[in-house]
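> Here's a sequence, model it:
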Amino acid sequence: MPVHLTPNAISAIVAGDVNSKPLVQVLDIKLIGNAQERYSLLISDAVSAEQAMLATQLNDIVKTGRVKKGSVIQLIDYVCSPIKNRKIIVVLCLETIILDCEIIGNPKSSAQSETFAQKATPSGNLEQPAKVGNGHLSARNPVHNVQSFQATVQPPYQPPPNYKNHGAIIKNDAPACIIPIAALNPYQGRWAIKARVTAKGDLRRYNNAKGDGKVFSFDLLDSDGGEIRVTCFNAVVDRFYEVIEVGKVYLISKGSLKPARKDFNHLKNEWEVFLEASSTVEPCPDEDDTIPRQQFSFKPISEIENAETNSILDVIGIVTSINPSIPVLRKNGMETQRRVVYLKDASGRSVELTMWGDFCNKEGQKLQEIIYSGLSPVLAVKSGKVSDFTGKSIGTISSTQLFINPDLPEAHILREWYDGGGKNTTSLSISKEIVPGSAKNDIRKTVSQIKDEGLGRADKPDWITVKATISFIKTDSFCYTACPLMIGDRQCNKKVTRSGNSKWVCDRCNQEFEDCDYRYLLQAQIQDHTGLTWVTAFQETGEEILGVSAKELYVLKYENQDDVKFGEIIRSTIFGQFLFRLKIKEEVYGDEQRVKNTVVKADRVNYSSESKYMLDLLSKFSR
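The predicted structure is shown next:
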């Protein structure tokens, strides 16, 4: 009884049709892969042969002998994807129709599969059995006789499929199978990917013509090194934002693929996954060691000098110094933190890394502690953004990740170079360092310079750091009674007053309540060797200065009337030396214009770190 393979199946699959379920024959099987076992097949439709890759979850059918050389199989679910400049058929689900069969027809391999096909037989050529007809032959097993083979159950004849342009492709009904990220494309049916989350973006809110919304994204890495970004909007954010954790492995399915938005997505994948209401995200309970924790592509600092502005890249270097964190005002009027770190490597170059926002307080604070202890840590930067604002520098973005002293080969090599004499080598900076005192914004000033340089009198506020001593604190009005009610996601904080029934009343909220909040409105005089000035500290900075909450201090003074303990807290602060981060802006009080100095951060002086700062300052001026 003749065996019919599906005519033109190979050419149709390569052309992009993945909706039929063709019969093909396995000409050869080879074990490939380094970190993970994977089988490569040479499949044939009796005329053409093409290389295919077996999904790893199907490895057992080869190991247990359910598919072997000569087997006739039916492809149930598969994709054809470009991998390394050639098209590879990835088999996701299959069914073995005939386990043992001689080579059918006279298949010829394509150029990309020629090398593989030549190894199908010991002679280097495909076997040439006697043909019974065009494209098929008698199913004569070399081990069994004809009668025993004809007892094998044969599949019903399937007419050749019509490989014309069908328009929209219909998803097949096969169960979702795990496929490599590199094999994803919008023309597939059901699919699933198993991958590790390497980065998770912040939850962002937006407003456009369609209204308000929210969005977040996360990046995935699978065992084959494929990466892709996944994005969630609105209701989907509520389902998955708390579920997704960096470093965890998930099984994700039923998303839609769209072209990656390269303005926001730096991954080397032309597609991006958008999760929908029907999408599933299942945590994998067992740790999968075949999936890397992170994937880096480090650039030497010397190459960053010629990198394209706004490009995204990975860099690794030794941290040689770090600046204090300072507040800055963004263009949208929101305040954030900025901290500059200096990196060098064996390429003979150094570069500035600018940290923004939470990076300043998390990794930035840890780096500062290491530097001030006298050590120089290795810092790996994943997805830093190239800037040309001051020469060439690197800046953090929402998807950036920082790794301090990572356990990486590149980090160990860099450490050996630095400890072996690299720390004594001179590195040329590719960033134009700003010498302190050369600009108004984000620099150290003295008290007298606030007035002498007219700070705060421009359209935008000035942000400076002053090292000064507190010489006086007003204690008669150090806080106010505030509304504790929430307006959206923020506390009202407007001043409240007592009503006739002894409840607190907020004019803004038009409500009464039993208890109010207490918030600092601290007026203090600070001075250094050049002069003195008044500053205002609100809630958070008031607590940084006095070390207790406004309510605690209020209770001590007005309810407990404990003047002794109250006085001890005030005296312990007077003559204390702080690094004050000040926002300086001219404001109108009645008919008078006055410059207001607002404390946005107050840190008691760490004399070890201050000595390090002074030494760095001297070294910059001595260049």
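> Residue 514 and residue 504, how far apart?
According to CB to CB, to the nearest Å, residue 514 and residue 504 sit 7 Å apart. Where you see a C-beta, it was placed from the backbone N, CA and C, and this is true even at glycine.
> Same drill for these two, tell me which one is more crowded.
Using other CB atoms under 10 Å, the more surrounded residue of residue 514 and residue 504 is residue 504, with 19 against 7.
> Report the beta-bridge partners for that one.
Beta-bridge pairing for residue 504 (DSSP bridges): residue 498, residue 513.
> That one against residue 513, yeah?
Yes: Residue 504 is within contact range of residue 513, at 5.5 Å (criterion: CB atoms under 8 Å).
> so residue 604 makes contact with residue 575?
No: using CB under 8 Å, residue 604 is not in contact with residue 575, being 11.9 Å away.
> could you pull out the helices for this protein?
Assigned by DSSP state H, the helices in the chain fall at 9-15, 59-63, 114-117, 146-150, 235-240, 301-304, 358-361, 363-372, 409-419, 447-452, 539-546, 550-554, 563-573, 607-621.
> Format those as CSV; extra columns: mean pLDDT, mean neighbour count and distance to residue 186.
Formatted as CSV, the helices of the chain follow (pLDDT from 0 to 100; neighbours: other CB atoms under 10 Å; distance: least, CB to CB, whole Å):
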stretch, mean pLDDT, mean neighbour count, distance to residue 186
helix 9-15, 86, 20, 16
helix 59-63, 87, 15, 28
helix 114-117, 44, 16, 29
helix 146-150, 32, 12, 43
helix 235-240, 91, 15, 19
helix 301-304, 92, 20, 35
helix 358-361, 90, 19, 35
helix 363-372, 90, 18, 38
helix 409-419, 93, 15, 36
helix 447-452, 89, 17, 60
helix 539-546, 91, 20, 49
helix 550-554, 93, 20, 57
helix 563-573, 92, 13, 63
helix 607-621, 73, 13, 53
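> Could you save those as CSV and add columns showing distance to residue 268?
As requested, those are arranged in CSV below (distance: least, CB to CB, whole Å):
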stretch, distance to residue 268
helix 9-15, 24
helix 59-63, 27
helix 114-117, 26
helix 146-150, 49
helix 235-240, 24
helix 301-304, 17
helix 358-361, 24
helix 363-372, 25
helix 409-419, 19
helix 447-452, 49
helix 539-546, 42
helix 550-554, 52
helix 563-573, 54
helix 607-621, 38
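> Nearest residue to residue 609 in space, please, no chain neighbours.
Of all residues not flanking residue 609 in the chain, residue 372 sits nearest, at 4.6 Å (CB to CB, 6 or more residues apart in numbering).
> And residue 200, by the same measure?
residue 218 (4.4 Å).
> residues near the one you found, how many?
Residues near residue 218, counting by other CB under 10 Å: 23.
> So the residue nearest to residue 609 versus residue 558, what's the distance?
41 Å.
> check contacts around residue 255.
By CB atoms under 8 Å, 6 or more residues apart in numbering, the contact list for residue 255 reads 230, 273-276, 279.
> ChimeraX command for the buried members of the residues you listed?
Restricted to buried positions by 16 or more other CB atoms under 10 Å, the ChimeraX selection for the contacts of residue 255 reads:
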select :230,273,274,275,279
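> which one of the contacts of residue 255 is nearest residue 180?
residue 273 (13.7 Å; CB to CB).
> Listing request: residues of the stretch 451-600 of the chain with sub-threshold pLDDT.
488-489 (pLDDT under 70).
> ranges for the strands of it?
462-473, 479-482, 486-487, 490-491, 497-498, 504-506, 511-513, 517-520, 522-528, 531-537, 577-589, 592-604 (DSSP state E, counting those that start in this stretch).
> I'd like to know which elements the third one is packed against.
Using 3 or more CB pairs under 8 Å, 6 or more residues apart in numbering; DSSP states H and E as the contact definition, strand 486-487 packs against no other helix or strand.
> Direction included, what does that strand pair against?
strand 490-491 (antiparallel).
> So what touches the strand it pairs with?
So strand 490-491 is in contact with 482-485, 517, going by CB under 8 Å, 6+ apart.
> Dump those to TSV, plus distance to residue 53.
Shown next, in TSV, are those (distance: CB to CB, whole Å):
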residue	distance to residue 53
482	64
483	64
484	62
485	61
517	63
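> ok, for residue 381, nearest residue in space, not its chain neighbours?
In space, and not counting its chain neighbours, residue 381 is closest to residue 315: 4.9 Å by CB to CB, 6+ apart.
> What of residue 256?
Closest residue to residue 256 apart from its sequence neighbours, by CB to CB, 6+ apart: residue 274 at 5.1 Å.
> ok, now which ones touch the one you found?
Under the criterion of CB under 8 Å, 6+ apart, the neighbours of residue 274 are 230-233, 255-258.
> so what's the residue nearest to the spatial centre of the chain closest to, chain neighbours aside?
By CA atoms, centre = their mean, the chain has its centre lying nearest to residue 199, at 2.9 Å. Distance criterion CB to CB, 6+ apart; nearest residue to residue 199, sequence neighbours excluded, is residue 219 at 4.3 Å.
> so who does residue 321 touch?
341-342, 371, 612, 616.
> try residue 570
With CB under 8 Å, 6+ apart, residue 570 has these contacts: 473, 475, 546.
> Pull the contacting residues for residue 217.
200-201, 229-232, 265, 399.
> Which one among those sits at the bottom for pLDDT?
Among these, residue 265 has the lowest pLDDT, at 76.
> Leaving out chain neighbours, which residue sits closest to that one?
Nearest to residue 265 is residue 229, by CB to CB, 6+ apart, at 5.0 Å.
> cool, residue 535 as well?
residue 597 (4.5 Å).
> And the one you found, how far from residue 526?
To residue 526, residue 597 is 9 Å away according to CB to CB.
> Please apply the same query to residue 293.
47 Å.
> Then residue 411?
Distance, residue 411 to residue 526, by CB to CB: 43 Å.
> Contacts only, for residue 200.
216-219, 244-246.
> How is the chain partitioned into domains?
9-150, 177-283, 301-429, 443-478+521-615 (automatic domain parsing).
> Let's have these in JSON lines, adding distance to residue 508.
Below are the domains of the chain laid out as JSON lines (distance: least, CB to CB, whole Å):
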{"stretch": "domain 9-150", "distance to residue 508": "59"}
{"stretch": "domain 177-283", "distance to residue 508": "23"}
{"stretch": "domain 301-429", "distance to residue 508": "21"}
{"stretch": "domain 443-478+521-615", "distance to residue 508": "17"}
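> can you tell which of those domains is closest to residue 498?
Judging those by CB to CB, what sits closest to residue 498 is domain 443-478+521-615, at 13.6 Å.
> just to revisit the earlier point, please tabulate the contacts of residue 570 in TSV and include distance to residue 97 as additional columns.
Below are those laid out as TSV (distance: CB to CB, whole Å):
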residue	distance to residue 97
473	88
475	91
546	81
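> out of those, who's nearest residue 23?
For the contacts of residue 570, the nearest to residue 23 is residue 546 (81.3 Å; CB to CB).
> mind listing what the closest one touches?
520, 522, 553, 569-570, 573.
> Surely residue 606 and residue 373 touch.
No: the pair residue 606 / residue 373 is not scored as a contact, 11.5 Å apart, by CB under 8 Å.
> who's more crowded, the two?
Neighbours per residue (other CB under 10 Å) separate residue 606 from residue 373, with residue 606 holding more: 15 against 10.
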